[in-house]
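Enquirer: the amino acid sequence is not available; the structure is as follows:
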Ligand code: GLN
């Protein structure tokens, strides 16, 4: 199983170790676990999926453009975007800065840095429904966006404080929190299984 993590900026190594663990949990033998740090187009070859990590979406957009990665990343069969990565997946970004672009693959609208000042960062244990099964996950929000609008084909997997915080549309999953920081591999396992 060959999966990538966009490694231009942000929480890369945490996703790599989470994916490695998650592969183990879903029964992928150690010799078949391959995780690629993606920096240039050729790193995308043969990937089954890619994780777009949290970080700063404006910087990620700029660096992706410099490497000509927008189109190539869109061609990866499945994508998990977390925090800034979720912003990259959204069709609409409210509060976009410096001409930042998105892949626009998910019919969601995100509001950047939408939690109030004191709440810019917080951790909460939230319920999540994956494959019809209810679970719980520790969600770490760091200057997270809020998913303001979801289109018809978008399924809400988890909510927190009345807002959707993990959503799925076909082969794309967006989470506004950092699942890689809590030690829970639930969402990564789901991504790999999907
Ligand atoms: N505030 C960042 C942005 O808008 C996202 C923060 C994060 O990824 N933790 O790009």
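Expert: Okay, I see it. Just so it is clear, the model here is predicted, and its values are computed rather than measured.

Enquirer: who's in contact with residue 49?
Expert: Residue 49 is in contact with 3, 4, 76, 77, 78, 79, 80, 171, 191, 192, counting by CB atoms under 8 Å, 6 or more residues apart in numbering. The way it works is simple: take the backbone N, C-alpha and C, and place the C-beta from them, glycine included.

Enquirer: what separation is there between the fifth one and residue 99?
Expert: The span separating residue 78 from residue 99 equals 28 Å under the rule CB to CB, to the nearest Å.

Enquirer: between those two, which is the more surrounded one?
Expert: Comparing residue 78 with residue 99 by other CB atoms under 10 Å, the one with more neighbours is residue 78, at 17 against 9.

Enquirer: show me the contacts of residue 49 that map onto helices.
Expert: 191, 192 (DSSP state H).

Enquirer: closest to the ligand out of the contacts of residue 49?
Expert: residue 80 (13.3 Å; CB to the nearest ligand atom).

Enquirer: mind naming the longest helix for this protein?
Expert: helix 12-25.

Enquirer: what comes up buried for it?
Expert: If you call a residue buried by 16 or more other CB atoms under 10 Å, then helix 12-25 has these buried ones: 12, 14, 15, 16, 18, 19, 20, 22, 23.

Enquirer: figure out how far it is from the centre of its chain.
Expert: 13 Å (CA atoms, centre = their mean, to the nearest Å).

Enquirer: which other helices and strands contact that helix?
Expert: For helix 12-25, the elements it packs on are strand 2-6, strand 34-38, helix 186-193, judged by 3 or more CB pairs under 8 Å, 6 or more residues apart in numbering; DSSP states H and E.

Enquirer: and that helix with the ligand, contact?
Expert: No: judged by CB under 6 Å from any ligand atom, helix 12-25 makes no contact with the ligand; its nearest approach is 11.7 Å.
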